[in-house]
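Predicted model and sequence follow; I will ask about them next.
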Amino acid sequence: MSRKKLLILPGDGIGPEVMVEVRRVIDWLDRYRSIGFDLAEGLVGGAAIDAHGTPLTDETMADALAADAVLLGAVGGPKWDDLPFEQKPERGLLRLRKDMALFANLRPAVVFDALADASSLKLDVVKGLDIMIVRELTGGVYFGEPRGIETLPDGGRRGVNTQVYTTDEIRRIARVAFELAEKRSRRVCSVDKANVMESGVLWREEVQRVHDEEFPGIALGHMYADNCAMQLIREPGQFDVIVTDNLFGDMLSDEAAMLTGSLGMLPSASLGGIDENGRRAALYEPVHGSAPDIAGKDLANPLAAVLSFAMCLRYSLDLAEEAGFIETAVEVVLDGGLRTTDIMQKGKARVSTTVMGETLTRELDKLTG
Ligand code: IPM
Ligand code: MG
């Protein structure tokens with residue numbers, strides 16, 4: 001296998017700490033399979049603002065476009081909260097998504113058996129939960145024009161954002177959801193607000209058309225976003241793949257994440273289309289944020305970042321078996337009773353970020369020994 005190029009963007013807050021543990025797993029892979037990567041590191045978010053005055057330099061953007069995959073930690077923090085909107089750390093992440101054309105955001109919400117009772121919902125409601133949220137990531141109100149804040153003649157102000165989707169944008173994300181469903185339990189729930197938004201009406205019609213023309217064997221349902229938010233709490237087991245737009249996906253994925261008991265456990269993949277050379281732009285990041293309150297204290301849970309790397313192995317590097325080892329090692333470590341603070345439970349052993357990462361690689365060695 002030719003050496004794959006990975007760009008690591010640790011970012012802000014706990015990002016750098018959790019990416020150290022990802023590097024440990026990358027080193028393990030090198031030892032175990034002699035799979036070396038061309039690793040490069042760059043700055044994004046507040047870290048890039050401090051060094052270069054912008055949340056993402058053109059050079060880093062170019063490196064990201066040239067990489068086989070980008071591994072990101074987290075961006076943002078109170079230090080940069082007062083910056084003008086266009087200069088905020090989050091803009092670095094949004095530019096990566098947009099310029100790499102990462103339109104498909106996969107956010108699995110899986111309940112690990114060992115953590116099922118850490119959920120705020122009852123055990124029997126969440127046990128065995130395995131939902132895949134497919135969030136459209138480069139369109140909708142996040143990027144729609146016109147946008148801005150303007151001052152009106154009477155001195156009042158007016159803030160504007162635009163929710164906009166085209167048939168192509170809807171159809172390509174629908175295909176991603178149906179293709180994933182084919183490898184799962186063949187059920188897709190498409191989520192919109194077709195009862196109040198024209199873009200939602202179009203969304204519903206186009207998802208249905210892709211289904212009828214290309215994936216008639218998949219069971220497709222439609223749900224309004226508010227109802228979906230409620231159903232996720234009431235009976236999450238009814239969902240398999242959920243496909244939805246950028247904003248609803250942002251909210252529903254946080255909600256689904258919390259069902260699992262810890263945001264600190266959840267990975268994500270952001271994928272582009274497949275180009276003429278068979279390459280697909282991809283970025284992997286934990287769903288959790290930069291958690292500035294615990295940054296630098298060796299308290300963060302590195303497992304979401306590590307599981308994001310496992311997704312990278314599966315979706316970008318064709319190393320599904322190795323991805324499986326990592327996922328199994330995470331379960332073994334949890335079953336063994338190790339917990340970072342965010343998932344701490346009575347009678348378990350509280351460990352640091354570093355100890356969690358070290359133990360994980362030891363388990364990987366044992367598993368593959
Ligand atoms: C996410 C985050 C981002 C988003 C922020 C950091 C811009 O909440 O990835 O879900 O809103 O998409
Ligand atoms: Mg979010």
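Yep, it's here. Ligands and ions are numbered 1, 2, ... in the order given.

How about the helix or strand hosting residue 6 and ligand 1, any contact?
Assigned by DSSP states H and E, residue 6 belongs to strand 4-11. No - using Cβ under 6 Å from any ligand atom, strand 4-11 never reaches ligand 1; the gap is at least 10.2 Å. The way it works is simple: take the backbone N, C-alpha and C, and place the C-beta from them, glycine included.

Enumerate the positions of that strand that are buried.
Using 16 or more other Cβ atoms under 10 Å as the burial criterion, the residues of strand 4-11 that qualify are 4, 6, 7, 8, 9, 10, 11.

okay, that strand in CSV with CA atoms only?
The C-alpha trace of strand 4-11 is given here as CSV (Å, rounded to 0.1, in the frame of the first residue of the first chain):
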residue,chain,number,x,y,z
LYS,A,4,-1.2,7.7,2.8
LYS,A,5,-1.1,11.3,3.7
LEU,A,6,-2.8,12.3,7.0
LEU,A,7,-3.1,15.9,8.1
ILE,A,8,-3.7,16.3,11.8
LEU,A,9,-5.3,19.5,13.0
PRO,A,10,-5.5,19.3,16.8
GLY,A,11,-7.1,22.8,17.1
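
elements contacting it?
Where contact means 3 or more Cβ pairs under 8 Å, 6 or more residues apart in numbering; DSSP states H and E, strand 4-11 is packed against helix 15-33, strand 37-41, helix 46-52, helix 58-66, strand 69-74.

is the longest one up against ligand 1 anywhere?
So the one you mean is helix 15-33. No - with Cβ under 6 Å from any ligand atom as the criterion, ligand 1 is not reached by helix 15-33; the gap is at least 11.7 Å.

who wins for proximity to residue 282 among the helices and strands packed on strand 4-11?
Across the helices and strands packed on strand 4-11, residue 282 has its closest neighbour in strand 69-74 (4.7 Å, Cβ to Cβ).

what does the domain assignment say about this protein?
Structural domains of the chain, as assigned by automatic domain parsing, span the residue ranges 1-108+265-369, 130-259.

so how far is the first one off the chain centroid?
Its chain's average C-alpha position is 10 Å from that of domain 1-108+265-369, according to Cα atoms, centre = their mean, to the nearest Å.

Enumerate the sheet neighbours of the strand holding residue 6, specifying parallel or antiparallel for every one.
According to DSSP bridges, strand 4-11 forms sheet pairs with strand 37-41 (parallel), strand 69-74 (parallel).

Out of these, which is closest to residue 225?
Nearest of the strands paired with strand 4-11 (Cβ to Cβ): strand 69-74, 25.7 Å.

what's the neighbour count on residue 182?
14 (other Cβ atoms under 10 Å).

tell me the contacts of it?
Applying Cβ atoms under 8 Å, 6 or more residues apart in numbering, we find residue 182 in contact with 215, 217, 218.

Nearest to ligand 1: which residue in the protein?
residue 90 (4.0 Å; Cβ to the nearest ligand atom).

any weak-confidence spans in the stretch 1-150 of the chain?
1 (pLDDT under 70).

tell me which parts of it are close to ligand 1?
90, 93, 94.

Tell me the one of those nearest residue 243?
Nearest to residue 243 among these, with distances taken as Cβ to Cβ, is residue 94, at 20.8 Å.

now, of the domains of the chain, which is deepest in the fold?
domain 1-108+265-369 (a mean of 19; mean count of other Cβ atoms under 10 Å).

avg pLDDT for stretch 336-355?
Averaging pLDDT along stretch 336-355 gives 95.
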